[in-house]
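>>> Got a predicted model here, sequence first, then my questions.
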Amino acid sequence: MKKYAPFIFMLLMMGMVACSSSDDSSDNNTPDPVTTTPDPDPTPDNTLALPDKGEKQITTDFSSNAGGERSFYISVPNDYSSATAHKLVVVFPGTNGTGKGSKDWMGDGWSGSVTGLEQKMTNTIFVYPDPKFRNFPNWGTLGGWQLGPQAGNANGVEDINFIKELLDLIEKEYNIDSDRIFATGQSWGGDMAAIVACFMGDKFRAVAPNAANRPYWFENNGSFLSDSALGCLGDTAVWTFFGLGDEHFESLQDNPGDFGKEQNDYWLNKYGCSSTSVTLDVGGINGESKEYNSCSTTVRFTLYSAGQYSGGGSQPGHQPPDFFLTAVPEWFNSF
């Protein structure tokens, strides 16, 4: 694994956390100012009357191991029928984001020139969990995600437990195809999408994190930990997206794209992939996306050039490319 200069390592360990991007954010870095209109405060519903169809903000009690009272936004197709097994997609917001904000941004599409994830997946329920505001050591109080037992300032398993209980709740209420549960997320939410691919790999079929941090939560003293040491389960397929023009991580990388490459290296190592790959025709600039050979499950990597995001906010290089909103649902639909 690549070693970083002591100064960069010190910055990471001091807890320079995630940014708040158009949705969102992640990581071990200082939070940036919110770059779009703040997410509207969702109206809580403590009755836990999950909708038969349509959208609803829910706030209800989970176990103490999952953080107690938690909330999420759910979107159920208007033609939902319990006679049909539905796919489930979990979308993780980034720093200080809300599920409703992620629904508006990624679920519906971030500009008039794109349509969102929900328009490209039929027979699919989408759930957008809200991150919990808590005091992260050295970072302060932020709405963010605990990233497992090896995550330093983001250490903890409360959010892993929350997602486990949330999936149980949804699967009891709706007809969910248990072999077609997926996750995606942006920045700190991308971190969380990677986390569930390990610790809940027996539940999630595939994940597509964008703009996540380097995978410090999967390593010890600069070396990747084994599945048994981490407690990883299953064999979730992974498609990592990362921007060559990512302004948020620019000062922390030796070279553009380094953090994305480190994320991808973890999955290549975990799934025994060869170094060879095939180029994917999934949009964007030719050659940006690839799928690796000889993996025990599917591993894809997109290292995308700047200038491909049509939404608002600052740090456009930290945001997903527009083709993300087509390529990811097409990939999820393929399972």
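In hand now; what should we look at?

>>> How much space separates E165 from T60?
Note on E165: its distance to T60, by CB to CB, to the nearest Å, is 10 Å. Where you see a C-beta, it was placed from the backbone N, CA and C, and this is true even at glycine.

>>> For this structure, which residues score under the pLDDT cut-off?
1-47 (pLDDT under 70).

>>> quick one, strands of it?
Assigned by DSSP state E, the chain shows strands spanning 54-61, 69-76, 86-92, 124-129, 132-136, 140-144, 176-186, 206-210, 219-220, 223-224, 237-243, 277-279, 289-292, 299-304.

>>> Distance to F332 and mean neighbour count for these - can I get that in JSON lines?
Shown next, in JSON lines, are those (distance: least, CB to CB, whole Å; neighbours: other CB atoms under 10 Å):
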{"stretch": "strand 54-61", "distance to F332": "20", "mean neighbour count": "16"}
{"stretch": "strand 69-76", "distance to F332": "15", "mean neighbour count": "21"}
{"stretch": "strand 86-92", "distance to F332": "7", "mean neighbour count": "26"}
{"stretch": "strand 124-129", "distance to F332": "8", "mean neighbour count": "25"}
{"stretch": "strand 132-136", "distance to F332": "26", "mean neighbour count": "15"}
{"stretch": "strand 140-144", "distance to F332": "25", "mean neighbour count": "19"}
{"stretch": "strand 176-186", "distance to F332": "5", "mean neighbour count": "23"}
{"stretch": "strand 206-210", "distance to F332": "6", "mean neighbour count": "28"}
{"stretch": "strand 219-220", "distance to F332": "28", "mean neighbour count": "14"}
{"stretch": "strand 223-224", "distance to F332": "26", "mean neighbour count": "12"}
{"stretch": "strand 237-243", "distance to F332": "10", "mean neighbour count": "27"}
{"stretch": "strand 277-279", "distance to F332": "20", "mean neighbour count": "13"}
{"stretch": "strand 289-292", "distance to F332": "15", "mean neighbour count": "20"}
{"stretch": "strand 299-304", "distance to F332": "12", "mean neighbour count": "24"}
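
>>> Including distance to T98, could these go into JSON lines?
What follows is those, written out as JSON lines (distance: least, CB to CB, whole Å):
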{"stretch": "strand 54-61", "distance to T98": "9"}
{"stretch": "strand 69-76", "distance to T98": "7"}
{"stretch": "strand 86-92", "distance to T98": "11"}
{"stretch": "strand 124-129", "distance to T98": "8"}
{"stretch": "strand 132-136", "distance to T98": "11"}
{"stretch": "strand 140-144", "distance to T98": "8"}
{"stretch": "strand 176-186", "distance to T98": "13"}
{"stretch": "strand 206-210", "distance to T98": "18"}
{"stretch": "strand 219-220", "distance to T98": "30"}
{"stretch": "strand 223-224", "distance to T98": "33"}
{"stretch": "strand 237-243", "distance to T98": "22"}
{"stretch": "strand 277-279", "distance to T98": "37"}
{"stretch": "strand 289-292", "distance to T98": "30"}
{"stretch": "strand 299-304", "distance to T98": "26"}
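
>>> Out of these, which gets nearest to G312?
Closest approach to G312 among the strands of the chain (CB to CB): strand 176-186, 14.0 Å.

>>> and the angle from that closest one to strand 86-92?
Per axes from the mean of the first three to the mean of the last three CA atoms, to 10 degrees, the angle that strand 176-186 makes with strand 86-92 is 20 degrees.

>>> May I have the strands that pair with strand 176-186, each with its orientation?
Strand pairing for strand 176-186, determined by DSSP bridges: strand 86-92 (parallel), strand 206-210 (parallel).

>>> Tell me how far that strand lies from the chain's centre.
In terms of CA atoms, centre = their mean, to the nearest Å, the gap separating the centre of strand 176-186 from the centre of its chain is 11 Å.

>>> okay, now the nearest residue to F199 once chain neighbours are set aside: neighbour count?
Leaving aside its sequence neighbours, F199 sits nearest to I160 (CB to CB, 6 or more residues apart in numbering; 5.1 Å). Neighbour count for I160, taken as other CB atoms under 10 Å: 23.

>>> I160 touches Q146, doesn't it?
Yes - the pair I160 / Q146 is scored as a contact, 7.4 Å apart, by CB atoms under 8 Å.

>>> quick one on the thing from earlier: dump the residue contacts of the residue nearest to F199.
Neighbouring residues of I160 by CB atoms under 8 Å, 6 or more residues apart in numbering: Q146, G148, I195, V196, F199, M200.
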